[in-house]
Every structure is written in structure tokens, then in C-alpha cells.
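>>> need coordinates for the following:
(chains A and B)
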Amino acid sequence: MLIKSKVLKRFLKRKSSLVGGIIIIIFILVAIFGPYLTSRNPLDIDLRNTYQKPNRDNWLGTDNLGRDTLTRLIYGARITLIISFTSVFLGTLVGLILGVIAGYYGGLIDNILMRTTDILLAFPGLLLAIAIVAILGSGIMNTMLAIAFYSIPYIARIVRGVVISIKGLEYIQACEVIGCSNFITIINHIIPNSMSQVIVNTTLNLGTAILTSSALSFLGLGVQPPHPEWGAMLSTARDVMRTTPIAALIPGVAITLVVLSFSLVGDGLRDALDPRLKNN
Amino acid sequence: MSRYIIGRLISIIPVLLIVSFLVFLMLHLIPGDPVKNMLGLHAPPEAVEEMTKRLGLDKPLHIQYLDFLKKAIKGDFGTSIRTKQPVIKEIKDRYPYTIKLAIGGTFFATIVGVILGIISAVNQNKLWDNILMVLSLLSVSTPSFFLALLAILVFSLYLGFFPSIGIQSTKHYILPILTLGAQSVGIMARMTRSAMLDVLNQDYIRTSRAKGMSEKLIIYSHALKNALIPVLTVIGLRFGGLLAGSALIESVFGIRGIGRFMVDGVLTRDYPVVQATVLLIATTFIIINLIVDLLYKIVDPRIKY
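Presented below is the predicted three-dimensional model:
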């Protein structure tokens, strides 16, 4: 408890991370309770009211089919939250398991796993995501799988490094001496002690996942219309940049703000969990 | 040195073989029949049979891969299903645009990022450091396609400084290169700052200061040279990011590059195009990282092979 409160204190001391944290909490609340915040439907088309500027009825204006931008933004938060959290959770889980196995057992299995990650890392992130979408097809589910898949090698490598550094420590050796099985050592000692690195990277990965999913949707490869995904909203709005720039500005600023917040929180967590890294 | 170069060159061969095998497998991993996927579910059986034969899908897998590899080495990626043109012809037309964008973006990001990183490190925890670090975080968090749209809005539509679409002249390259590289500026700046701070805390820097060496000389002749080694690795990695990211920028600025070709290929299920472009981008990335590896020797003579 003492350690946790110290970490929290250090985290809260950093104002920028605190602001990022507050924005993320708002984002999550909007995503969860979105339907209670607005009585409108994000898919309701009103062709007499296309590309409206912000007004009393439509606070953030309307899009090319007269749909309310604010409502779409709120429902878009939900899609963004589901895609980013699910894909990062999946990627982290598989990456964590593979990283622990590679780092703890070493030898041939480590070699095979690490060479496999080498190969996957030979593809730039977005390229790998596009290639996976090319195989699986577009849509919310496949976007999540693509993002999860490409984050596996990064997490696996980080966890492996941490596990190797922990493995040599005395308390792990002591555990082995008193007869702990490999499974118990991994579950009770290795994984809890590599968690701080995993948490920091997971937070930073959430931002990257949002950037990638919005990029895929912007290209027409991710979430498909009429779903109100932020990247897809930006793509629709680009044709009217001259006349209604606000249609593109709103989803763009929303993506930037949420990604920025995850970066701020990730940085803050890193400093709070490992104060030695501060200033670097 | 030459032994190392030859060794490294040989070591990328298995990587290239596996990457090419994965790209080859793409077609076979597609759920359902890839030919029906390309031609549509109601395609006449003769057309399906003809396409299966043309793509060599009726042969055993290992023979198919060897055929794919042999042809790929010769630059033959088959014909585009959509345009009926040889894929290589389109690639030859489009590849230079993407490479110019990625190289331009990398240069821009490196120069600006390193300079900002130095300023930040020298003013550690002071106002300028804080401002620059917030800005760099902002640049990392802004989607490149959003930045590109903003740049078009401000610099093309409102101010009229730059053209908003196409790639006919040097002027056309400026906005795409700047918006493609912007995200990497933040990454480079943060990396340079962190590497500089590491070096500035070393004993030999303290010794130089004790000797009475000027701060400028310490920073540029001692610290920067040593800080550039980790930065170099990031340059190689970012280049790959920019190659793939060019798909977004090419889409916004209407540039006929490889990235857009790939995305169009995915959208229209033109698999020969997808395979060729994915393989080409991955291969370029592997070769660039090999060059970066070799550059280490020049930047850091301590590295022995």
C-alpha cells in the first residue's frame, strides 16, 4: 500500500500527467455513458441540414448527410475506446506470455520466439496492420486483431528484457532453491515484478492503437461507414475543408487530445514507477 | 570492416526469404477462395479456373513459393487484376515519389529533431525544455493525416503559399514532406534530449568543464557526437514508419505513390498489387536498417567487427 501511495503521489505531482489523466477519465465516461448524454442517433440522416455550422440545435454542426457531429463524436469515443482497449489488451496478453516464456526459459525457445519477433519487426507497424487487414478484410473486429497482432512483438521484446534482468536476482534464485515450480515462480514473482514496465508500455500503446485505428479508418480499411469512427469522420470531412473546416477539425482534435493524454499519462507513470528514469 | 559488411549482407538473406514467404502466404491466408474473393462470388467457373491457373494456385505450395520468389527477384509480380497492367510497371512509376517523400521526411525530422533535442537538453528542466517537450509530445500525438489536412487548409486554401494536390514540382513536395516528417520530429527531439543528457552526465564531460573548455565546444564536439549513436538507430526505424505512413500522406495530397497504390490494392482486392507493394516496402526498410548498421562504424569508431 505504501509503495502504491508513493507512486500515486509522484504521479499526481506531475501536472501534465494529471491533466492527461483527467482527459482520459472524461473520454472513458463519455464512451460508456454516451447514449445518456444525447437523445439523438448518430446514424440519423437529415439531408436538408447537411454541413451546418455549429448552431443551437447542432452544437458542433452536421456532416455530409446532415448527421449531428457532436452525437457522432460521442459515439465515436465508444468505438475508439473499444478498439484501443481490446486490441491493446489482447496484444499485451499474448506479448506478455511470449515474453515471459522467452525470457524465463531462454535457449532454443527464446531463440525461435525472438527471431520471429525480428521478422515481424521487419514490417513497419502500419504496414503490418494494412497487410493483416488485406488478409482478414476491414471492419471493427479485424481492425482490433490487426492492431493487437502488430503490438505483440514490441511487448514480447520488452517483457523478455525485464524477465531476463529479474531472473538473475537473488529472490528468484531463493524461490527456486526452496522448490517453487516454474509456474509458481513466473506467476508469483516474475510477472508481478515486470508489471510496471508492462503498465507503462500498455498506456503508451493505447495512444498508438488509437492513431493506427483512426489511420486505417481514414484510408477506408478500418471501421466502415456509417459507424461514427473518428478517423472515418475526418476522411468524410476532407472534401469540404474549404467550406466547413470545423467538420474535420473536431474529430482531428479529439484524436490528438486523447492520444496526447495517453502519452502524458504513460510518461507520468514511467517517472512515478521508476524515479531513476526521471529527466531521461 | 569489409568482412563485416559481407557478413551483414549475407545475414539479411534469410530475413528477406522469410519476409517474402510471409508476403507469399498472404494470398493463402485469406479466408475462403482467394480467386473468388478477387473475381466476386458469382464469377463464371471458367474465369475462376483461368485465374487459378494464371496465379499458379493449382500447383503445390512449395512450388508456388519458388515460382513467386523467382519472379519477384526478376521484378515480375504478375499483372494487376484491376488495371490489367504489369504491377512492376506501375511500381516503377510510383516508387520514386514515395522514396523522395520518406527521405525528405527523414531529413527534415532528423535535422529539426536533433536541434530541438540539443536545445532541450542544454536547458534541462527550464522553460524552453518544457515548451519543446510539450510540443514534441503534441507532434507525436497528432495524426499525420490530420496535420496534412490542417496544412492544406492554412497554407494552400487560406494563404495560397503551396499547392494542395499533385506532385508536379518541387514546391508540391514541401507540405507532404513536412507533414509526413512532423511526427518523427517529436520522436527525434525526445531521443536526442535523452541521449544528450546521458552523455552530459559522463565523467569526461565533467573533466572537459574542469579543464575550462567552453560549453559550446563541449556540447558540439564531445556530447553531440556521442549522443548521435542512439539517434541513428531511431533514424533507421523512423524511415520505415515514414515509408508506411506515406500511404496516408499520399492519400491526402493525391500523390500517385507506392503507399496509395497498396491501399487501393487492398480496397479493390488486387492481391498481386498488395503483395508487391508490401514486399517492396518491407525490403526497403530492411535495406535502410542495414545501411544504418553500417553507418555505426563511421559515427562510432569504437565499434569493432
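
>>> okay, and residue 104 sits in which element?
As the question left the chain open, I've gone with chain A. With elements taken from DSSP states H and E, the one containing A:Tyr104 is helix A:69-105.

>>> I was thinking of chain B, sorry if that wasn't clear
Using DSSP H and E, B:Gly104 maps to helix B:87-122.

>>> please apply the same query to B:Ala210.
Applying DSSP H and E as the criterion places B:Ala210 in helix B:203-211.

>>> show me what that helix is packed against.
Secondary structure elements in contact with helix B:203-211, counted by 3 or more C-beta pairs under 8 Å, 6 or more residues apart in numbering or on different chains; DSSP states H and E, are absent; no helix or strand qualifies. Bear in mind the C-beta positions are built from the backbone N, C-alpha and C, glycine included.

>>> and it, what's its mean pLDDT?
Model confidence over helix B:203-211, given as mean pLDDT, is 87.

>>> contacts made by that helix with the rest, please.
Applying C-beta atoms under 8 Å, 6 or more residues apart in numbering or on different chains, the external contacts of helix B:203-211 come out as B:199, B:215, B:217-218, B:222-223.

>>> number of residues surrounding residue 181?
By default, I'm working from chain A. Here the neighbour count serves as a burial measure; for A:Ser181 (other C-beta atoms under 10 Å in any protein chain shown) it reads 10.

>>> that's the wrong chain, I meant chain B
B:Gly181 has 28 neighbouring residues, counting by other C-beta under 10 Å.

>>> contact partners for the nearest residue to it once chain neighbours are set aside?
If the residues on either side of it in the chain are set aside, B:Gly181 comes closest to B:Gly105, at 3.4 Å by C-beta to C-beta, 6 or more residues apart in numbering or on different chains. Under the criterion of C-beta under 8 Å, 6+ apart, the neighbours of B:Gly105 are B:177-178, B:180-181, B:184, B:242, B:246.

>>> same check on B:Arg256?
So B:Arg256 contacts B:93-94, B:97, B:167, B:250 (C-beta under 8 Å, 6+ apart).

>>> between those residues, which is nearest A:Val163?
Each of these was checked against A:Val163 using C-beta to C-beta; the closest is B:Glu250, at 40.7 Å.

>>> mind listing the helices for the stretch 201-305 of chain B?
With DSSP state H, counting those that start in this stretch as the definition, the stretch 201-305 of chain B shows helices at residue ranges B:203-211, B:215-217, B:224-253, B:258-267, B:271-299.

>>> whoops, the stretch 51-200 of chain B was the one
When secondary structure is read from DSSP H, counting those that start in this stretch, the stretch 51-200 of chain B shows helices at B:61-73, B:87-122, B:127-141, B:144-151, B:170-200.

>>> buried deepest among the ones you listed, which one?
Compared across the helices of the stretch 51-200 of chain B, helix B:144-151 shows the largest average neighbour count, a mean of 24 (mean count of other C-beta atoms under 10 Å in any protein chain shown).

>>> what's that helix in contact with?
Here helix B:144-151 makes contact (C-beta under 8 Å, 6+ apart) with A:215, A:218, A:231, A:234, A:238, A:241, A:248-249, A:252, A:255-256, B:175-176, B:178-180, B:182-183, B:245, B:248-249, B:251-253.

>>> up against chain B, what does the stretch 51-200 of chain A have?
Contact residues, the stretch 51-200 of chain A versus chain B (C-beta under 8 Å from any C-beta of the partner chain): A:118-119, A:122-127, A:130-131, A:133-137.

>>> can you do 7 Å?
Residues of the stretch 51-200 of chain A found near chain B, taking C-beta under 7 Å from any C-beta of the partner chain as the criterion, are A:119, A:122-127, A:130-131, A:133-135.

>>> got a winner among those for most neighbours?
Among these, the one with the most neighbours (other C-beta under 10 Å) is A:Ile130, at 30 neighbours.

>>> point me to the helix or strand that includes it.
Using DSSP H and E, A:Ile130 falls in helix A:125-136.

>>> tilt between that helix and helix B:144-151?
Our comparison of helix A:125-136 with helix B:144-151, counting by axes from the mean of the first three to the mean of the last three C-alpha atoms, to 10 degrees, yields an angle of 110 degrees.

>>> go through the helix or strand just after helix A:125-136 and flag the buried ones.
Sequence-wise, the next helix or strand beyond helix A:125-136 is helix A:140-167, with elements assigned using DSSP H and E. For helix A:140-167, a neighbour-count test (16 or more other C-beta atoms under 10 Å in any protein chain shown) marks A:140, A:142-160, A:162-163, A:166-167 as buried.

>>> let's see the pLDDT reported for the residue lying closest to B:Ile249 once chain neighbours are set aside.
Once flanking residues are discounted, B:Ile249 sits nearest to B:Leu180: 4.6 Å by C-beta to C-beta, 6+ apart. In the predicted model, B:Leu180 carries a pLDDT score of 95.

>>> wait, isn't B:Leu180 in contact with B:Leu248?
No: contact status for B:Leu180 versus B:Leu248: not in contact, 8.3 Å apart, counting by C-beta atoms under 7 Å.

>>> re the thing from before, the inter-axis angle of the helix holding B:Ala210 versus helix B:170-200?
Counting by the same axes, to 10 degrees, helix B:203-211 lies at 80 degrees to helix B:170-200.

>>> need the helices of the stretch 51-200 of chain B in JSON lines (columns: distance to B:Val273).
As requested, the helices of the stretch 51-200 of chain B are exported to JSON lines (distance: least, C-beta to C-beta, whole Å):
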{"stretch": "helix B:61-73", "distance to B:Val273": "14"}
{"stretch": "helix B:87-122", "distance to B:Val273": "6"}
{"stretch": "helix B:127-141", "distance to B:Val273": "31"}
{"stretch": "helix B:144-151", "distance to B:Val273": "22"}
{"stretch": "helix B:170-200", "distance to B:Val273": "22"}
